[in-house]
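Student: Following is a predicted model, sequence given first.
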Amino acid sequence: MMQVTGKISTLHADAPAVASSLAPDNLTGMTTIACGDRVVTELSGTQVRSVIASVDDYLMNLAIADEATTLTRTKKTGSRTE
C-alpha cells in the first residue's frame, strides 16, 4: 500500500495562536504545532485524493485562523501589522 506524506510550514506573527486554532480540526494522520514563528503541519495517508482534500481543507482553515489572529492583534493594538 502506498503511503503519502507531506509537511506544510508557514510563517505567522502569532504562530502559537494559529496552531492552536488549527489543531482541533486535524484529521487522523495530521499533526499541527507551533515552532517559533512558524506553524508546521505534517500529514500522511494512503490515498492521494484524500491527502489532497485534507490539504485543501487545511489551507482554507489556515487562512481563516491567520486572519482571525490578525484581527485580534489589530483590535488590541489599534493598527494592523502585516
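Tutor: Sure thing, it's come through. Residues are numbered from 1 along each chain as shown.

Student: remind me, longest helix of this structure?
Tutor: Of all the segments of type helix in the chain, defined by DSSP state H, the longest one is helix 48-77.

Student: Which secondary structure elements does that helix sit against?
Tutor: Identification of packing neighbours for helix 48-77 by 3 or more Cβ pairs under 8 Å, 6 or more residues apart in numbering; DSSP states H and E yields strand 4-11, helix 15-22, strand 38-45. Using the backbone N, CA and C atoms, a C-beta is placed for each residue, glycine as well.

Student: show me the contacts for the residue most central in space within the chain.
Tutor: The centre of the chain sits closest to L62, judged by Cα atoms, centre = their mean, with a distance of 4.4 Å. By Cβ atoms under 8 Å, 6 or more residues apart in numbering, the contact set of L62 is 8, 10, 18, 22, 39.

Student: May I have the phi/psi pair for the residue nearest to the fourth one when sequence neighbours are not counted?
Tutor: Think L22. Once flanking residues are discounted, L22 sits nearest to T32: 4.8 Å by Cβ to Cβ, 6 or more residues apart in numbering. Here is the backbone geometry of T32 (degrees, to the nearest 10): phi -130, psi 130.

Student: From P24, how far off is T32?
Tutor: T32 is 9 Å from P24, where distance means Cβ to Cβ, to the nearest Å.

Student: If you count surrounding residues, which of those two has more?
Tutor: A count of neighbours by other Cβ atoms under 10 Å puts T32 above the other of T32 and P24, at 23 against 8.

Student: Give me the pLDDT for E82.
Tutor: Per-residue pLDDT puts E82 at 48.

Student: what's the answer for E67, then?
Tutor: Predicted confidence (pLDDT) at E67: the value is 92.

Student: relative to strand 4-11, how tilted is the lowest-mean-pLDDT helix or strand in the chain?
Tutor: Ranked by mean pLDDT, DSSP states H and E, the weakest helix or strand in the chain is helix 48-77, scoring a mean of 86. Helix 48-77 runs at 20 degrees relative to strand 4-11, counting by axes from the mean of the first three to the mean of the last three Cα atoms, to 10 degrees.
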